[in-house]
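A.B. asks: Structure for this input, please:
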Amino acid sequence: MSQETPKPSDTTSQQSPPPAIIDATPNAEEQHKAGEDPTVESMKEMQESAGQISELSAEEENLVIEFFASLLKILQPFGKTLEIPVSSLPEKYHGQLSKAFLYPTGQLILVHGNGEAEILNLAEKENRDVLVKITREIMSQLKSMINAYRMRTEQRVKFLMPITKELQKIAEVFSEK
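C.D. replies: Okay, here's the model as predicted:
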């Protein structure tokens, strides 16, 4: 009772289906059809946008850090904060604030009409729109401050230059002895 294996000639007489081939790689026609699917295209766009958001967020973080580091260096010789007009702030703050002051380290002090104060850290993500909104005002004030400082320095130099030259001449007389 042994089973005989079919001979090659016997297999030709039997019609058996060809073995199934499983291939996970879609062919070109299937890929083309998938590319036309708006859902797939939308998902690809969302994935690309998400990647860009990640990159942009990291870049924004670095830029904000550098912005306030530079602002601190620029304002150090002046030893002061910047008063920001309430009109420069986003509209949600209009009418409820009497004053606003920006410290070089990035804190915006909001003084309400009743004297109550609130501190916004403009380096935090949720407050960066406020930073962008007041940046023109910051640059304008820095320009005025730097120009005024330059003019005061020029006046001192113009005043001291002839006096120093005369003192040098007098000092030469005393050093000849």
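
A.B. asks: all strands for this structure, in order.
C.D. replies: Listed in chain order, the strands of the chain (DSSP state E) span 82-83, 97-102, 107-112, 117-121.

A.B. asks: M43 is nearest to which of these?
C.D. replies: With C-beta to C-beta as the criterion, M43 lies closest to strand 117-121 of the strands of the chain, at 36.0 Å. (Each C-beta comes from the backbone N, C-alpha and C, glycine too.)

A.B. asks: would a markdown table of the strands of the chain with mean pLDDT, mean neighbour count and distance to E137 be doable?
C.D. replies: Below are the strands of the chain laid out as a markdown table (pLDDT from 0 to 100; neighbours: other C-beta atoms under 10 Å; distance: least, C-beta to C-beta, whole Å):
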| stretch | mean pLDDT | mean neighbour count | distance to E137 |
| --- | --- | --- | --- |
| strand 82-83 | 94 | 16 | 8 |
| strand 97-102 | 95 | 17 | 9 |
| strand 107-112 | 95 | 17 | 11 |
| strand 117-121 | 95 | 13 | 15 |
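
A.B. asks: could those strands go into CSV alongside distance to V157?
C.D. replies: Listed next are these as CSV, based on distance: least, C-beta to C-beta, whole Å:
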stretch, distance to V157
strand 82-83, 27
strand 97-102, 31
strand 107-112, 35
strand 117-121, 40
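
A.B. asks: so which of these gets nearest K165?
C.D. replies: strand 82-83 (38.8 Å).

A.B. asks: which residues sit against that closest one?
C.D. replies: The contact list for strand 82-83 (C-beta atoms under 8 Å, 6 or more residues apart in numbering) reads L75, K99, A100, F101, L102, E137, I138, Q141, L142.

A.B. asks: ok, the spatially most central residue of the chain to P90 distance?
C.D. replies: The centre of the chain sits closest to E60, judged by C-alpha atoms, centre = their mean, with a distance of 1.7 Å. Applying C-beta to C-beta, to the nearest Å, the value for E60 to P90 is 18 Å.

A.B. asks: for S144, same thing?
C.D. replies: Note on S144: its distance to P90, by C-beta to C-beta, is 23 Å.

A.B. asks: max-length helix in this protein?
C.D. replies: If you go by DSSP state H, the chain has its longest helix at helix 128-175.

A.B. asks: tell me the mean pLDDT for that one?
C.D. replies: In this model, helix 128-175 has a mean pLDDT of 94.
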